[in-house]
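**Student:** What would the 3D arrangement of this be:
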Amino acid sequence: MITRQWRRGMARAGLVLGLVMTAHVEPVRTSAQPGNGGYKDIYLPLAWDNTRADELAVPRAVTAAPTDPPTATATPTATPEPTATDTPGPTATPTPSPTPTLKPTPAMTGRITGRITDKGKPIGEGFGEPGTPQIELRRKSGADTWVRVGAATTDANGRFVFENPPALGPGGVYQVWWNNAVEDGADLWLHRWWSRDIVAFGTGRDVDVGTFEVANLDLTTPCHDCLSTAPITFQWDARDHAGDVYRWSIFEGCGDVEARVRAWHSAPLGRRTTYITSPPSGFGYDIKYCWYVLIEDGANGSGWPFFDRRVTFCSSPATCRGARAGRAAPRD
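**Tutor:** Numbering: from 1, shown residues only. As a prediction, this is how the structure comes out:
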């Protein structure tokens, strides 16, 4: 006879056994599933639950979820530091640097050169300095006016140079002057010599005005401030310079250097040293004039002596005698 205590013990044992079987998930073979030797997998706890095999739900086939291959992780790169241009903002306007002011470079206009000799030899160094005859560049201004625009000095060979004087405009004229002023000069040399006209200058090309021979020319006859009846014989000493061509010259206004410029000149006389004449056209008798000899040397220029001389053409011998006695002095 099964006692109540025995039933309680078997129930406890079954409970314990169910717990153990559930933990290990061990199936119990049945004969309900083909392919399993007539067995069907059931779990023991179901047997204890009085569940029949045909009441069990057929389990769905479990398909293993595909495992995606791991995605490669890109190697992280350093994030660049932001630059000034990465951040938007107002654009600063650059302040322009001031352009330096350059002194204008004078245009290269060329040089004017020449040489000065005394009796055929270089005149020496330092002429053109204060206290000596001046070597001047002159520009024509008006009919008879010449404006000084530059000065030069001679070297040991008697050469002079005007470096880059201003270019000449249309109609402009330059001359180079040897200027041995009567007031403080020396009668060893000509009073003035001037070059040929320079009518084009400023292209960068040099101009050579040649050689100025400045040894003086001496006037000899008639005597200074003498009265003579016409015709009068005028004489002078030739210079020792083969290039000279002489012209006898006369003007009114003794003592006025500018009046010399407007003198009347004879035809070229070559190297002759004598000229016989009565008053030329435009000149009269019993009037004091001054005379000198103009010297021309072709492309080397022209000049005149340190001195000129006064002369009077008497209208008659009696006029000359009276003038000498002071009774009828010639008109200046």
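
**Student:** what residues go with each domain of this structure?
**Tutor:** Per the record, the chain has its domains at 4-54, 111-213, 219-325, by automatic domain parsing.

**Student:** was I right about residue 278 contacting residue 315?
**Tutor:** No. Under the contact definition of C-beta atoms under 8 Å, residue 278 does not touch residue 315, with a separation of 10.6 Å. Any C-beta I mention is one placed from the backbone N, CA and C, and that applies to glycine too.

**Student:** okay, these two: which has more neighbours?
**Tutor:** Shown here are residue 278 and residue 315; by other C-beta atoms under 10 Å, residue 315 has more neighbours (15 against 11).

**Student:** How about that one: what's its closest non-neighbour residue?
**Tutor:** The shortest distance from residue 315 to any residue other than its chain neighbours is 3.8 Å, reached at residue 285 (C-beta to C-beta, 6 or more residues apart in numbering).

**Student:** Quick one: the domains of the chain as TSV, columns for mean pLDDT too.
**Tutor:** Shown next, in TSV, are the domains of the chain (pLDDT from 0 to 100):
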stretch	mean pLDDT
domain 4-54	46
domain 111-213	95
domain 219-325	95
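
**Student:** Which helix or which strand is home to the nearest residue to residue 234 once chain neighbours are set aside?
**Tutor:** Using C-beta to C-beta, 6+ apart and skipping the chain neighbours, the partner closest in space to residue 234 is residue 275 (4.8 Å). Here residue 275, judged by DSSP states H and E, is contained in strand 274-277.

**Student:** quick one: contacts of that strand?
**Tutor:** Strand 274-277 is contacted from outside by 230, 231, 232, 233, 234, 235, 248, 266, 269, using C-beta atoms under 8 Å, 6 or more residues apart in numbering.

**Student:** partners of that strand in the sheet?
**Tutor:** Using DSSP bridges, the strands paired with strand 274-277 in its sheet are strand 232-236 (antiparallel).

**Student:** The next helix or strand after the strand it pairs with - contacts with which helices or strands?
**Tutor:** On the C-terminal side of strand 232-236, the nearest following helix or strand under DSSP H and E is strand 245-251. Other helices and strands packing on strand 245-251, by 3 or more C-beta pairs under 8 Å, 6 or more residues apart in numbering; DSSP states H and E, are helix 257-261, strand 264-265, strand 288-296.

**Student:** residues in contact with the host helix or strand of residue 115?
**Tutor:** Taking DSSP H and E as the criterion, the element that holds residue 115 is strand 111-118. When contacts are defined by C-beta under 8 Å, 6+ apart, strand 111-118 is touched by residues 122-124, 127, 135, 137, 154, 157-165, 174, 176, 178, 188-189, 195, 198, 201, 206-215.

**Student:** which of those count as buried?
**Tutor:** Burial of these was assessed by neighbour count (16 or more other C-beta atoms under 10 Å); the buried members are 122-123, 127, 135, 137, 154, 158-160, 162, 165, 174, 176, 178, 189, 195, 198, 201, 207, 209-215.

**Student:** What about those, which are in strands?
**Tutor:** Among the buried ones among the contacts of strand 111-118, the subset assigned to strands under DSSP state E consists of 122, 135, 137, 159-160, 162, 174, 176, 178, 207, 209-213.
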